[in-house]
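Novice: Here is my input; please provide its structure:
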Amino acid sequence: MTDLCIDTSGATTIALVREGEPTLYASNDSARHHAESIAPLIHQVLAEAGIEGPLNSDDIDAVIVGTGPAPFTGLRAGLVSARTIARAAGIPLYGVCSLDMIARAGLDLLPPDQRVIVATDARRHEMYWAQYEAQGPDDVATITEPTVGPVRTLANELQASASMLVTTGTLPSFAEEALSAVQTVPVTPFDVSVASRIVRSRLERGLEDTLDTQPLYLRRPDIHGQRPERM
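Specialist: Residues are numbered from 1 along each chain as shown. You can find the predicted model right below:
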């Protein structure tokens, strides 16, 4: 099986996974300019894998895309690109919450019974977060659904739950003081290839209905004059 994994909830990150093993990566390491960077990064990964010309089911078995939560503009770039590739190649498209991916990567580093809260920068001095535990070696179980809110609320939930905090790197400056006493597991760099493990695990358990590509915006877009589109 060969999966093309795409996530634009933070930086634009691409991975090609063959037979369950991550093979190639590309990332722009920036939380902006997703629309400009995504096509060149996908082309780079495919070219390095020796895949050229129009994609078809002989090249890729599925496209997997992160569904956020994230700001509207960046997240939409990944979702539109993933949908376009899957439709053109005639292959399945699956969606995975981006926080699920980060949680799985963090849980890989921890004891199997450890609970975690994954948090990412939502801008506007707020954070996205959700609480998780391991669901076998390749998936996660969501304890609290993804939400967006002030850092103090996140800090209170961390204290009440005794969970470890998983992040994709350095905390935003506005969150450093409130979360300074929290035990943190940084997942750096973020490995989007874990999305393939999650998808394959859920498909084996008959959970395809959990893999839709409905975006998680959680609040109104950061741009004006447009309404969020249903992807």
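
Novice: could you give me the average pLDDT of stretch 87-99?
Specialist: Stretch 87-99 carries an average pLDDT of 98.

Novice: Stretch 110-128 now?
Specialist: Averaged across stretch 110-128, the pLDDT comes to 96.

Novice: ok, now stretch 42-60?
Specialist: Average pLDDT, stretch 42-60: 93.

Novice: Kindly report the same for stretch 217-231.
Specialist: Along stretch 217-231, the predicted confidence averages to a pLDDT of 56.

Novice: try stretch 72-80
Specialist: The model assigns stretch 72-80 a mean pLDDT of 94.

Novice: So what's the gap between that stretch and the chain middle?
Specialist: In terms of Cα atoms, centre = their mean, to the nearest Å, the gap separating the centre of stretch 72-80 from the centre of its chain is 12 Å.

Novice: Ok, stretch 202-219 next?
Specialist: The gap between where stretch 202-219 is centred and where its chain is centred comes out at 12 Å by Cα atoms, centre = their mean.

Novice: for stretch 170-189, same thing?
Specialist: From the chain centre to the centre of stretch 170-189 is a distance of 18 Å (Cα atoms, centre = their mean).

Novice: so how far does it reach from one end to the other?
Specialist: Stretch 170-189 has an end-to-end distance of 11 Å (criterion: Cα to Cα, to the nearest Å).

Novice: Report the strands that pair with whichever strand or helix holds Ile14, each with its relative direction.
Specialist: Remark: Ile14 resides in strand 13-18, with elements defined by DSSP states H and E. Here the strand partners of strand 13-18, with direction, are listed using DSSP bridges: strand 2-7 (antiparallel), strand 21-27 (antiparallel).
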